[in-house]
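1. sequence first, predicted coordinates after that:
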Amino acid sequence: MIRDNSECVRKSRILQGALTIAALTIMIGQLGNAQQAPKLSVMPLPKSVETGQGEYKLDGHFHAGFSGTHDARLDEALSRFLVRLNLQCGGVRRVQYDAKDGDPLTLTLAVAGPGGAVQGFDEDESYKLNVTSSGVALSAATDVGAMHGLETFLQLATMRDGACSLPAVTIDDAPRFAWRGFELDVVRHFEPVSVIERTLDGMAVAKLNVFHWHLSDDQGFRAESKKFPRLTEVASLGQFYTQDEMRHIVAYARARGIRVVPEFDVPGHSATWVFAYPELGDGRTVRRIPQEFQEYEKNQGEMDPTKESTYKFLDTFIGEMAEIFPDAYFHIGGDEVDGSGWKTSASIQEFMQKKGFKTKDDLQAYFNQRLLPIVQKHGKKMVGWDEILNPALPKDIVVQSWRGEESLSAGAVQGYTGILSAPYYLDGEKTSEEMFLADPIPADTKLTPEEQKKIIGGEVCMWAEQLYPETVDSRVWPRTVAVAERFWSQQNDRDVADMYRRLRIVSLELEEVGLTHITGPEKMRRSLVESTHTKALNALASVTEPVSFGDREDVQHTDALTPLNGLVDAVVADPPARQEIAAEVDAVVNDHSKGAEAALRERFLAWQQAAPELLVLTQKSGRFSEVGPRVEQLAALAGVGLESLAYLDARTAPPAGWLDKQKALLKNADQPGALVKFVFLPSLGKLAESAATR
């Protein structure tokens, strides 16, 4: 039940007059500080930044263009830049592509060359940006570097003193890692072309340069093959990308400096292949395309590595896809091969005995040995998950580590090139801080300098069991930008507080380019309450986050038909309230800040006031029916906060047993419920401890 905290409320109101004066004092101080130069909000942090004197003010006489030659791709990038700059700063922006006639350029782009016709792994992405009071000069070796510089320009431009301006600054920038990827699973839940496009737009803001497109798995085959049409005719459930759409995505990505690496998972996770073409399988019959996500692969067919026809099929298919995806790298999956059918197939067992293979891993290594020259024949380099790492394969494959830094390092020691993904699985609902601090090459690495060179970067991964087009953005952004900074910026970039400061600003920029990670959850909350009046629900949503995909699966057993429209889908991982409440509690506990105390009191009262309305909603909406206990906990936790503040104000110790009671409430609330977690419990515990010990 909701606790009666009227005494706490009465005490809090006694202090309102004094707090009003304190708040005004803080506001006046803030106004004075507003005249100081603002901190830069560039993300990822550049390699080198030198601040100068003054600023460059943008006005209606702004002219952007090129010094020297350029190509159509950079023309289009500049046009997109000017549209966004106009939205950001207002006013009419005029393009002038050279300085031969008319007014001189105020943004001059100088590019040595366009880069490769097919963007390569070793593309030079560096750029230099020089801002003075008279103009801006951007130079780069390639189009891609110039596009990165334009993104930095937009992040430097801010409204200040009624005008849009850039601080005087010299930036010399280049990425730390060449492979900075984002992997999206479009199999478990299909994502339309529009979602892929806006994802690529977000990647460009974050300076990510590899889109890893997971196109096949047990639950669907998402890429049209004209040579093997049954892959989509019977194994896609009607949801797939045509070849024209895939070519469009490749072109859309290249226009933004992003490579596209497709993944077609073999020889496991291959129920769709075998369902469409049973002759590929290990003898088991795949009777349907599954709707469920967990444990399915252990009971379904995998490819038969012993048949020559399997390799002939893959040769033809890879050749077809190689013409659509021009990137030099081709991902063959290779993970979680169960091998149950290999063990029960008499012909496969006979083959293994003849070859001297003792385990399924030996047979998979043979499969990869046979597959590698096929991939190479079509001008590609093989990429696969950890399981392809085997001394039987040459050193020019790329191993993507999903099982941890240990396997990545082990591969590097053996001479294999690797990319790290283990810490960057977004479905784990980790905080931006956790992923930001996880480095592909930690400062305390035991790898030699030569071994470190084998680690070429990392990838953020988004698996799709529990997301669909309306929720994908809120699961990916803005946390992915924090990881993008880890891939781009220097190893000693470890300031978590400043990362969060910049992340909140970039989050708004991402919405401006078309992502819906803020507006999407807001829309779903309106749907939950069937009203535009969502204040009460927002109070709860702002301080909760989803449980991990795995924890949700344990409770809900999600499949392709599970409705994804509950409270858990309307909240976001690592919401801003986590850091805000932590900062406010620290300010109260350490600095006795009255402003922070007032902010906390306002929060706690809002939680209490929201509770009755939310409890009514639990009775009305089936989508909200399981949230009742969480609502009551929120009200009780508000009581913990208000009582703590009251004791701190009165400088009076609480009665014996009070702190133990509060700790019990916090411990109970720390257990997941309604598939969401409270994000402020450590900070609230700190506040209660302070009240009990001061």
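-> On my side now, so go ahead. Numbers count the residues shown, from 1 in each chain.
2. what about Leu215, how many neighbours?
-> 22 (other C-beta atoms under 10 Å). Backbone N, C-alpha and C define where each C-beta goes, glycine included.
3. also Phe367?
-> The number of residues packed near Phe367 is 24, by other C-beta under 10 Å.
4. looking at this, it is in a helix?
-> Yes - checked against DSSP: H, G, I helix; E, B strand; the rest coil, Phe367 lies within a helix.
5. which one is it nearest to, not counting chain neighbours?
-> Closest residue to Phe367 apart from its sequence neighbours, by C-beta to C-beta, 6 or more residues apart in numbering: Pro305 at 3.8 Å.
6. same check on Gly641?
-> The nearest residue in space to Gly641 (C-beta to C-beta, 6+ apart) is Phe604, at 4.1 Å.
7. how much space separates the nearest residue to Arg230 once chain neighbours are set aside from Asp315?
-> Once flanking residues are discounted, Arg230 sits nearest to Ala276: 4.0 Å by C-beta to C-beta, 6+ apart. Using C-beta to C-beta, to the nearest Å, we find Ala276 at a distance of 17 Å from Asp315.
8. with Arg552 instead?
-> 40 Å.
9. which one of the two has more residues nearby?
-> Ranked by neighbour count (other C-beta under 10 Å), Arg552 and Asp315 place Arg552 first, with 22 against 16.
10. what residues are up against that one?
-> 466, 546, 558, 568, 675 (C-beta atoms under 8 Å, 6 or more residues apart in numbering).
11. and for Thr69?
-> Thr69 makes contact with Val111 under the criterion C-beta under 8 Å, 6+ apart.
12. next one: the one helix or strand Phe211 maps to to chain centre, how far?
-> Here Phe211, judged by DSSP states H and E, is contained in strand 210-214. Relative to the centre of its chain, strand 210-214 is centred 13 Å away, using C-alpha atoms, centre = their mean, to the nearest Å.
13. now stretch 44-62
-> With C-alpha atoms, centre = their mean, you get 28 Å for stretch 44-62.
14. circling back: how many neighbouring residues does the residue nearest to Arg230 have?
-> By the measure other C-beta under 10 Å, the count of residues near Ala276 is 21.
15. does the residue nearest to Phe367 touch Gly268 like I think?
-> No - using C-beta atoms under 8 Å, Pro305 is not in contact with Gly268; the gap is 10.7 Å.
16. more neighbours: which of these two?
-> Neighbour comparison, Pro305 and Gly268: the larger count goes to Pro305, with 27 against 24 (by other C-beta under 10 Å).
17. what's near enough to touch the more buried one?
-> Counting by C-beta under 8 Å, 6+ apart, Pro305 has contacts 267, 342, 348, 363-364, 366-367, 370.
18. which members of these are classed as buried?
-> The neighbour-count criterion (16 or more other C-beta atoms under 10 Å) marks 267, 342, 348, 363-364, 366-367 among the contacts of Pro305 as buried.
19. closest one of those to Asn86?
-> Pro267 (51.6 Å; C-beta to C-beta).
20. mind checking the SS state of the residue nearest to Phe367?
-> What three-state DSSP gives for Pro305 is coil.
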